[in-house]
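Colleague: have a look; sequence and predicted model below, questions after that.
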Amino acid sequence: MAEPEKITPGLLYPLSMMRRTRGLPRLDYQVIEAQELPGPYRQLLAHEGDMTSRLESAYRLSIRVRKLHSSNDGKNYFREVILETFETQPRPVEYGAIEIQLAQLPETARQLIIAGEVPLGAVLNNGRIPYTCSLRGFFKVIPDDSIKGAFARDLPGTLYGRSNRIETGAGQTIAQIVEILPPL
């Protein structure tokens with residue numbers, strides 16, 4: 001697999017920046033087209049909506065955030081998370097990294113995001129905040145120890161993900177997100 005910045009600059013941003021900050025190596029990944037995603041991954045990843053709604057529909061359960069790492073400079077909020085089902089024994093359904101531009105959101109939404117328990121998609125949908133999604137690309141990745149640790153399990157082979165941008169109706173960036181799904 002090729003090195004990330006040489007294939008598609010920024011495709012794994014903000015995950016690439018968060019990993020660099022923590023001293024982790026670049027991920028071994030390959031850019032792919034939507035039609036190259038295996039069936040169940042394609043249904044969950046190849047759409048222009050938020051992942052929270054798609055995952056809640058697929059699992060027929062509410063989704064919550066388990067925050068792994070976060071930082072907030074008052075302007076941008078970064079977090080690395082596991083999205084998991086909201087049940088007695090939660091199942092991890094996504095590993096993700098997100099940069100949220102707080103100034104693009106009302107104060108109530110900012111507070112919910114910084115609290116770190118509700119996924120961004122749920123905050124936007126429940127708050128009736130208008131947005132659009134703009135897919136930046138799809139990829140397959142070999143999970144390293146950091147990703148395996150986040151999912152709290154050994155992960156064989158390849159995982160699939162997407163890079164997405166959420167924007168206001170005027171085209172201003174609300175968030176940039178990298179989303180990786182566990183084996184399906």
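Modeller: That came through, no problem.
Colleague: low-confidence stretches in the chain?
Modeller: Along the chain, segments meeting pLDDT under 70 span 1-9.
Colleague: how about the helices in it?
Modeller: Remark: helices of the chain, listed N- to C-terminal, are 4-7, 15-21, 39-45, 51-59, 107-115, 120-126, 145-151; assignment by DSSP state H.
Colleague: redo these as JSON lines? Include distance to Arg162 and mean neighbour count.
Modeller: In short, each C-beta sits where N, CA and C put it, glycine included. Putting the helices of the chain into JSON lines (distance: least, Cβ to Cβ, whole Å; neighbours: other Cβ atoms under 10 Å) gives the following:
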{"stretch": "helix 4-7", "distance to Arg162": "14", "mean neighbour count": "14"}
{"stretch": "helix 15-21", "distance to Arg162": "12", "mean neighbour count": "18"}
{"stretch": "helix 39-45", "distance to Arg162": "5", "mean neighbour count": "16"}
{"stretch": "helix 51-59", "distance to Arg162": "8", "mean neighbour count": "19"}
{"stretch": "helix 107-115", "distance to Arg162": "20", "mean neighbour count": "15"}
{"stretch": "helix 120-126", "distance to Arg162": "14", "mean neighbour count": "20"}
{"stretch": "helix 145-151", "distance to Arg162": "15", "mean neighbour count": "16"}
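Colleague: quick one, which of those is nearest to Glu179?
Modeller: Ranking these by distance to Glu179, with Cβ to Cβ as the measure, places helix 51-59 first at 5.4 Å.
Colleague: for that closest one, C-alpha coordinates in PDB please.
Modeller: Once non-C-alpha atoms are left out, helix 51-59 reads as follows in PDB (Å, rounded to 0.1, in the frame of the first residue of the first chain):
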ATOM      1  CA  MET A  51     -22.900   8.100   9.800                       C
ATOM      2  CA  THR A  52     -24.800   8.300  13.100                       C
ATOM      3  CA  SER A  53     -28.200   8.000  11.300                       C
ATOM      4  CA  ARG A  54     -26.900   5.200   9.100                       C
ATOM      5  CA  LEU A  55     -25.400   3.200  12.000                       C
ATOM      6  CA  GLU A  56     -28.500   3.600  14.100                       C
ATOM      7  CA  SER A  57     -30.700   2.400  11.300                       C
ATOM      8  CA  ALA A  58     -28.400  -0.600  10.600                       C
ATOM      9  CA  TYR A  59     -28.100  -1.700  14.200                       C
END
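Colleague: helices or strands up against that helix?
Modeller: Applying 3 or more Cβ pairs under 8 Å, 6 or more residues apart in numbering; DSSP states H and E, one finds that helix 51-59 contacts helix 39-45, strand 63-72, strand 76-85, strand 92-101, helix 120-126.
Colleague: brilliant, that's me finished.
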